[in-house]
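**Q** coordinates only, sequence not included:
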């Protein structure tokens with residue numbers, strides 16, 4: 001029996017799988033699953049999480065560790081506290097489970113449980129009134145009878161999973177914000193990726209009839225309604241743009257990103273939702289942290305010019 005974790009083949013875009021495995025160790029810190037042979041199942045977590053988990057001492061190395069144990073059939077979901085990654089990575093495991101012959105009595109998710117976790121799991125009843133265990137700390141959990149779904153890694157946006165999310169979250173609610181919205185990040189967890197000159201941004205966009213929206217104040221169904229009814233969306237890069245899946249075809253989007261951390265992740269959601277235009281405005285970033293977490297300063301003239309020329313708003 002191997003005493004060191006070994007990487008399996010990394011899961012690429014394609015079919016999803018559900019396996020039933022005995023004696024699996026779940027480590028919340030990495031969202032990682034480790035088999036009794038010492039294998040890390042890298043296609044059940046994000047790739048960088050799996051790499052980090054390779055330093056963890058496995059079951060054969062720590063036979064006396066005081067692990068919590070779950071004996072009945074348990075589907076291992078895991079998760080993290082980022083809205084985008086929860087919806088498109090971790091919740092894709094529910095998409096896999098929906099097509100599986102294996103029936104779980106319980107679900108295991110990673111805490112802390114935030115509002116969007118609670119809504120998807122319980123308000124929309126993704127777990128179908130079954131038991132939910134929440135891993136709150138980094139002590140490993142030992143599952144005797146594990147039901148293990150693979151996941152879509154980042155940034156894979158599968159059509160059938162998006163359809164699942166839209167049916168789950170979308171309702172007939174109406175938005176009070178109108179057709180022109182600006183998504184602020186003032187409610188961002190940890191204060192990451194703030195717009196340093198947002199007052200100037202709001203002043204400029206207000207002249208064109210844009211309303212600021214704090215998505216954290218809204219339920220998931222209300223967020224879906226805001227994006228479904230919007231025709232023009234301006235937003236800094238952030239997880240709130242996950243709601244682009246609810247947009248009606250023909251929407252125009254302007255996303256502001258740090259020029260030293262460009263990503264197409266939300267552009268691809270705009271394409272899938274049928275955006276008429278999707279423009280990205282590169283911005284200067286500041287701060288000493290990782291590039292993807294730095295604050296940005298928006299060139300107001302460039303923003304207003306883009307809105308006027310690309311969205312045809314004056």
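**A** Looks like it arrived, so ask away. What you are looking at is a predicted structure, and each value in this text was computed from that prediction instead of being measured.
**Q** only C-alpha atoms for contact and neighbour calcs from this point on.
**A** Fine.
**Q** pLDDT below threshold where in the stretch 1-150 of the chain?
**A** Counting by pLDDT under 70, the ranges of the stretch 1-150 of the chain that qualify are 1-14, 56-66.
**Q** ignore the last one, the stretch 151-300 of the chain
**A** Scanning the stretch 151-300 of the chain for pLDDT under 70 picks out 155, 189-190.
**Q** what about the strands in it?
**A** For the stretch 151-300 of the chain, the strands defined by DSSP state E, counting those that start in this stretch occupy 180-183, 211-213, 232-236, 252-258, 277-286, 295-297.
**Q** For my notes, please list these in JSON lines and give mean neighbour count for each entry.
**A** JSON lines is the format used below for those (neighbours: other C-alpha atoms under 10 Å):
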{"stretch": "strand 180-183", "mean neighbour count": "22"}
{"stretch": "strand 211-213", "mean neighbour count": "18"}
{"stretch": "strand 232-236", "mean neighbour count": "23"}
{"stretch": "strand 252-258", "mean neighbour count": "24"}
{"stretch": "strand 277-286", "mean neighbour count": "19"}
{"stretch": "strand 295-297", "mean neighbour count": "22"}
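**Q** Now render the ones you listed as CSV, adding distance to residue 306.
**A** Listed next are the strands of the stretch 151-300 of the chain as CSV, based on distance: least, C-alpha to C-alpha, whole Å:
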stretch, distance to residue 306
strand 180-183, 14
strand 211-213, 18
strand 232-236, 10
strand 252-258, 8
strand 277-286, 8
strand 295-297, 16
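**Q** Which among those is found nearest to residue 15?
**A** Comparison of these against residue 15 by C-alpha to C-alpha identifies strand 277-286 as nearest, at 29.3 Å.
**Q** Return the list of helices and strands in contact with the closest one.
**A** Using 3 or more C-alpha pairs under 8 Å, 6 or more residues apart in numbering; DSSP states H and E, the elements in contact with strand 277-286 are strand 252-258, helix 265-273, strand 295-297, helix 300-310.
**Q** Residues in a beta bridge with the closest residue to residue 280 other than its chain neighbours, which ones?
**A** Nearest non-adjacent residue to residue 280, counting by C-alpha to C-alpha, 6 or more residues apart in numbering: residue 255, 4.8 Å away. Listed beta-bridge partners, residue 255: residue 235, residue 280 (assigned using DSSP bridges).
**Q** contacting residues around residue 255?
**A** Residues near residue 255 by C-alpha atoms under 8 Å, 6 or more residues apart in numbering: 234-237, 278-281.
**Q** Run a quick neighbour tally on the residue nearest to residue 300 when sequence neighbours are not counted.
**A** Once flanking residues are discounted, residue 300 sits nearest to residue 201: 6.4 Å by C-alpha to C-alpha, 6+ apart. Residues contacting residue 201 under the criterion other C-alpha atoms under 10 Å number 19.
**Q** shouldn't residue 201 be in contact with residue 301?
**A** No - the criterion here is C-alpha atoms under 8 Å, and residue 201 misses it with residue 301 at 9.8 Å.
**Q** And the helices in the stretch 1-150 of the chain, which stretches?
**A** 47-53, 83-85, 92-98, 115-118 (DSSP state H, counting those that start in this stretch).
**Q** Between these, which one is closest to residue 141.
**A** helix 47-53 (14.4 Å).
**Q** In terms of secondary structure, what does that closest one contact?
**A** Applying 3+ C-alpha pairs under 8 Å, 6+ apart, one finds that helix 47-53 contacts strand 32-34.
**Q** Run through the neighbouring helices and strands of the strand it packs on.
**A** When contacts are defined as 3+ C-alpha pairs under 8 Å, 6+ apart, strand 32-34 packs onto strand 18-27, strand 39-40, helix 47-53.
**Q** contacting residues for residue 70?
**A** For residue 70, the contact set (C-alpha under 8 Å, 6+ apart) comprises 141-145.
**Q** Among these, which one has the most neighbours?
**A** Busiest of the contacts of residue 70 [other C-alpha under 10 Å] is residue 143, holding 25 neighbours.
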